[in-house]
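*Asks:* I would like the atomic coordinates for the input below:
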Amino acid sequence: MSGQQEVTYTLDFEVRQRSRPKNQVAREPGQDSPVPRIARLMALAIRLEGLIREQTIPNYAAVARRGRVTRARMTQIMMLLDLAPDLQEQILFLPPLSHLNERNLRPIVRRIDWHEQRRLFQKLAKRSCGSHDSE
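*Replies:* Coordinates of the predicted model:
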């Protein structure tokens, strides 16, 4: 082959926003205060439970696949639904607190007694309010 060949490439460049630091909280458009990650996880758990109940999504494994997370992580998120209903509501509407996250709620979620959950949650919330939001 002695002839020259011309090759043309088309490249699409997409401008992406820089990812925010891990401890920075996302803001909803037009909203003054940030939405805490734990509130977003709580809302996600409630929404996903509804989709499973409606049979829009067959099970947690399918949700995990669609969300590209492990089944274990999906279980951790969905276990937030084991909290007392009033605690779920508080989580949805609380301001960001430094120690209030899914990991710190795990020991509370494991408790069956809602009164015990409330006691432990208040203890965690007080600890969170007493420290700075530096996490």
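
*Asks:* dump the residue contacts of residue 78.
*Replies:* 45, 48-49, 60 (CB atoms under 8 Å, 6 or more residues apart in numbering). C-betas here are computed from N, CA, C, even on glycine.

*Asks:* could you check how far it is from residue 98?
*Replies:* Distance check for residue 78 against residue 98: by CB to CB, to the nearest Å, it reads 24 Å.

*Asks:* against which helices or strands is the strand or helix carrying residue 105 packed?
*Replies:* Using DSSP states H and E, residue 105 maps to helix 102-109. In terms of contact count using 3 or more CB pairs under 8 Å, 6 or more residues apart in numbering; DSSP states H and E, helix 102-109 is assigned the packing partners helix 37-53, helix 71-78, helix 114-130.

*Asks:* just want the most central residue of this protein.
*Replies:* The C-alpha lying nearest the average C-alpha coordinate of the chain belongs to residue 41 (CA atoms, centre = their mean; 3.0 Å).

*Asks:* least trustworthy helix or strand in this structure by mean pLDDT?
*Replies:* Across the helices and strands of the chain, mean confidence by mean pLDDT, DSSP states H and E is lowest for helix 114-130: a mean of 90.

*Asks:* now do that one and helix 102-109, the angle between them.
*Replies:* Here helix 114-130 points in a direction 150 degrees away from that of helix 102-109 (axes from the mean of the first three to the mean of the last three CA atoms, to 10 degrees).

*Asks:* give me the distance between helix 114-130 and the centre of its chain.
*Replies:* Relative to the mean C-alpha coordinate of its chain, helix 114-130 is positioned 20 Å out (CA atoms, centre = their mean, to the nearest Å).

*Asks:* buried set for it?
*Replies:* Going by neighbour count (16 or more other CB atoms under 10 Å), the buried part of helix 114-130 is 117-118, 120-121, 124-125, 128.

*Asks:* stretch 50-65 too?
*Replies:* By neighbour count, and taking 16+ other CB under 10 Å as the criterion, the buried residues in stretch 50-65 are 52, 57, 60, 63-64.

*Asks:* show the end-to-end separation of it, please.
*Replies:* Across stretch 50-65, the terminal residues are separated by 17 Å (CA to CA, to the nearest Å).

*Asks:* no further questions, thank you.
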